[in-house]
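Colleague: With the input below, show me the fold.
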Amino acid sequence: LAERDGRRWDLTDQGLHSVSARTSEVLGTLRGAPIQITGYFASAGDAITLGHRRRWDALIDAFLVASPVLRAETLDPDLARRRAENDGVETNGVVLLRRGDRVERVFVPDEEGMLNAILRVANARDRRIYVSTGHGERSLDAGAGGALFALQQQMARLGLQFAPLDLLRTASVPDDAALLLIADPKIAFGESEIAAVQAHLDQAGALLVAAERGRPTGLEPLLRKAGLALQDATVLDPLVRAVAGDDSAPLSAHFGVHPAVRGLRTPTLFPGVAPVLAVEHDAAEATVHGLVEASAIARAQSETDPNSEPTDPDPGWSPSGRLTLVALSELHPGGEQGGVIVLSGDADWLADGAIGQLGNADLALRLLGYLGQQRDLVRLPPRAVAADSLQLTFETQAWAAALSVVVLPGACAGIALTLWTRRRAR
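Modeller: Numbering: from 1, shown residues only. Coordinates of the predicted model:
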């Protein structure tokens, strides 16, 4: 019956096993060619891995019921290695959506993330990452020292196109900007340029600042208002020195729980990185998250006094006792949804010389892909899950016990006995 009839009923009060009314409404408007969804989820592993697979199975079933345009398959990346390699999938929990030549990737496949990816595939609209120029920033041209050419090619896989932007000439960030990337400026931004960056953030835009220690960007007041700052120091990692002989290029395999980096495991390399600090700010205006942390034995060496002893992380900022290398600030001025800022104390990890090493490309895909999607998001309100507990009176408990222990087993036995007697009578 289940194979012949695909109807489903969700009897929970909050509709926990079906998509929300808003999602169902949006999916109902989809027309045209089918959208193929491929989820890469391991079918074996620890409890967390299996939990991800169960949640995905339930989610994709609900989406398929909501729209006949969707097609789906779920593969184990360990068993379907060739498919995963061809699709550029290196981690568990990645979802690909295709329609024609258009491909979208989802790294946090919850209801909201899947809905927005489906809309991007259906609308087939490219989004732009504008890369700041005019201040000695990293170039997009191949062959230039410390260029971002390889990163530009990687981001094309997400439908994100790079374009240079000189704010001195344009005076504003274009409306089609998915993300503004500022990579290692040598000259500080002027007041009019900072105002343009702030206006971009006020319109729920995304900003990634990959700065180098000792080089003021002019954006420091804007960053501090969002709770972020760079420490004038270099992260030294004795663990890397024991292996590679140089402790100024720390490896990190410790990622935060924020959706931008959730599930990443491959170590990343940050040459000459400065620690990111969470500074005092209005918590009602911004929320700061640590995304990438150094190893537990890494320490910060002051640049103003190279002979001083390396210092430990601030325990108030890093409860894990680790130095933070990349941090994110979610802006919510006046309780309204605002922009997102990411600050990194190093730009080399994005450049051609390092982007192909270890997990740097994977981190860049996840981080820039997440930031590039923020402006187009369809926001779904959180579901209200009732916290009421089930209270049974003594009389109700007695009836439930009688029904489950006596009535139902007795009815089954009676039916069986009746059938047996009729067959004997034949």
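Colleague: which regions of this structure sit below the pLDDT cut-off?
Modeller: Scanning the chain for pLDDT under 70 picks out 1-18, 124-126, 142-145, 157-159, 241-247, 303-321, 373-392, 394.
Colleague: In it, where's the longest helix?
Modeller: Taking DSSP state H as the criterion, the chain has its longest helix at helix 47-66.
Colleague: after that one, next one along is what?
Modeller: Following helix 47-66 in sequence order, the next helix or strand is strand 70-75 (DSSP states H and E).
Colleague: circling back: okay, the longest helix of the chain in CSV with CA atoms only?
Modeller: C-alpha atoms of helix 47-66 as CSV (Å, rounded to 0.1, in the frame of the first residue of the first chain):
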residue,chain,number,x,y,z
ALA,A,47,25.6,8.6,16.4
ILE,A,48,26.1,12.1,15.1
THR,A,49,26.7,10.9,11.5
LEU,A,50,23.7,8.6,11.6
GLY,A,51,21.6,11.4,13.1
HIS,A,52,22.5,13.7,10.1
ARG,A,53,21.4,10.9,7.7
ARG,A,54,18.1,10.4,9.5
ARG,A,55,17.3,14.2,9.5
TRP,A,56,18.2,14.4,5.9
ASP,A,57,16.0,11.5,4.9
ALA,A,58,13.0,13.1,6.7
LEU,A,59,13.7,16.5,5.3
ILE,A,60,14.0,15.4,1.6
ASP,A,61,10.9,13.2,1.9
ALA,A,62,8.9,16.3,3.0
PHE,A,63,10.3,18.4,0.2
LEU,A,64,9.5,15.8,-2.4
VAL,A,65,5.9,15.6,-1.2
ALA,A,66,5.6,19.5,-1.4
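Colleague: Other residues contacting that helix?
Modeller: 6, 8, 17-19, 23-24, 27-28, 37, 39, 41-44, 70, 72, 74, 92-93, 95, 109-111, 114 (C-beta atoms under 8 Å, 6 or more residues apart in numbering). Just so you know, the C-beta spots here come from the backbone N, C-alpha and C atoms, and that holds for glycine as well.
Colleague: Give the buried subset of these as a ChimeraX selection command.
Modeller: Selection of buried members from those for ChimeraX, criterion 16 or more other C-beta atoms under 10 Å:
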select :18,19,23,24,27,37,39,41,42,70,72,74,92,93,95,109,111,114
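Colleague: Over to the nearest residue to residue 261 once chain neighbours are set aside: give its phi and psi.
Modeller: Taking C-beta to C-beta, 6 or more residues apart in numbering, and ignoring the residues beside it in sequence, residue 261 has residue 255 as its nearest neighbour in space, at 4.4 Å. Dihedral pair for residue 255: phi -110, psi 150, per degrees, to the nearest 10.
Colleague: Count residues in the vicinity of residue 255, would you?
Modeller: The tally of other residues near residue 255 (other C-beta atoms under 10 Å) stands at 22.
Colleague: list the contacts for it?
Modeller: Going by C-beta under 8 Å, 6+ apart, residue 255 touches 261, 262, 264, 265, 291, 292, 293.
Colleague: give me every residue that touches the third one.
Modeller: With contact taken as C-beta under 8 Å, 6+ apart, residue 264 is in contact with 91, 255, 359, 362, 363, 366.
Colleague: rewinding a little: for the residue nearest to residue 261, give its distance to residue 326.
Modeller: Distance, residue 255 to residue 326, using C-beta to C-beta, to the nearest Å: 9 Å.
Colleague: next one: residue 173
Modeller: The value you get for residue 173 to residue 326, if C-beta to C-beta is used, is 22 Å.
Colleague: These two: which is more packed in?
Modeller: Neighbour totals were compared for residue 173 and residue 326, and residue 326 leads with 28 against 23 (other C-beta under 10 Å).
Colleague: Among the contacts of helix 47-66, which are located in strands?
Modeller: Members of those lying in strands (criterion: DSSP state E): 37, 39, 70, 72, 74, 95.
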